[in-house]
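Q: Requesting a structural model of the entry that follows:
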Amino acid sequence: MAKEVKKDPNELSVEEKLSALYQLQTMLSEIDKIKTLRGELPLEVQDLEDEVTGLTTRIEKIKTEIEELRSNVSNKKIEIETAKASIEKYQSQQDNVRNNREYDVLTKEIEFQSLEVDLCEKRIREFTASIAAKQEEIEKSTHALEERKKDLEVKKNELDEIIAETKQEEEKLREKAKVLETTIEPRLLTAFKRIRKNSRNGLGITYVQRDACGGCFNKIPPQKQLDIRMRKKIIVCEYCGRIMIDPELAGVMPERQLETKMK
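A: Here you go, the predicted model:
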């Protein structure tokens, strides 16, 4: 059996180009539906992952701060011991002074070292209070982290289930769309993708519905409707920029025919 010769996209008639574009639109819309089925789950999973990372980093940072505070407490305790040793030394020297001047100097040194002890004890109390506050903060953050991890696991499982159900179908649609794109003139395909990207509902091509654009629902003049039915040139909506085709080319029965058939 002879192999069918693939037409050059530039050699296709306008009708063939429009038909190919509409087929592509149908496939891309199906892919969009799959994405809609996933909804906000991918974003929710990403947000939860970021939150888990943020909380983990925060907890590690607080733990480092606590270690620094504990180190400061140890240093202040050493300073207290040093100051107390100096006080004892100066007090013993006071017993052997030769004049009042020496006694006063030693008294001032003892007062100074006593103030150092008081200041160090004050700092230790402050550091200890900070440690307690940060430990409480770690407990809250750890609890929040566990909750976020549970939420993340649930959302990931939901997303994995949906992806597992739709992955094969999405891959098939993407493959078909990729093949179909090769049959469409590059310039027309680029224009279609640009229109689709700027469209809220993702439609780059639509058919006429009740004498109006199926994308923005603005009325189409009779002459333009006739041009659309003739399928001799690419026609876009002057309001929304979508490419327009007649219902029959889209495989849809025009409203007038449908109403007549129902009667």
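Q: The residue lying closest to T166 once chain neighbours are set aside and I162, how far apart?
A: What sits nearest to T166 in space, not counting adjacent residues and going by C-beta to C-beta, 6 or more residues apart in numbering, is I34, at 4.7 Å. Backbone N, C-alpha and C define where each C-beta goes, glycine included. Computed as C-beta to C-beta, to the nearest Å, the I34 to I162 distance reads 9 Å.
Q: cool, P42 as well?
A: From P42 across to I162, the span is 10 Å (C-beta to C-beta).
Q: Give me the helices and strands touching the helix or strand hosting L55, please.
A: Using DSSP states H and E, L55 sits within helix 41-94. Helices and strands touching helix 41-94, by 3 or more C-beta pairs under 8 Å, 6 or more residues apart in numbering; DSSP states H and E, are helix 100-181.
Q: what's the helix it packs on packed up against?
A: Counting contacts by 3+ C-beta pairs under 8 Å, 6+ apart, helix 100-181 packs against helix 14-38, helix 41-94.
Q: who wins for proximity to I184 among the ones you listed?
A: helix 14-38 (5.2 Å; C-beta to C-beta).
Q: quick one, that closest one and helix 41-94 angle?
A: Going by axes from the mean of the first three to the mean of the last three C-alpha atoms, to 10 degrees, helix 14-38 is angled at 40 degrees with respect to helix 41-94.
Q: residues making contact with stretch 204-224?
A: Here stretch 204-224 makes contact (C-beta atoms under 8 Å, 6 or more residues apart in numbering) with 18, 21-22, 25, 192-193, 195-196, 199, 201, 203, 225, 228, 235, 237, 239-240, 242-247, 249-250, 252, 255.
Q: which stretches of the chain aren't confidently modelled?
A: Residue ranges of the chain with pLDDT under 70: 1-10, 253-263.
Q: Mind naming the longest strand for it?
A: Longest strand of the chain, by residue count under DSSP state E: strand 205-209.
Q: just how off-centre is the very next helix or strand once past that one within its chain?
A: Using DSSP H and E, the helix or strand that follows strand 205-209 towards the C-terminus is strand 212-213. Strand 212-213 sits 36 Å away from the centroid of its parent chain (C-alpha atoms, centre = their mean, to the nearest Å).
Q: next one: stretch 137-152
A: 20 Å.
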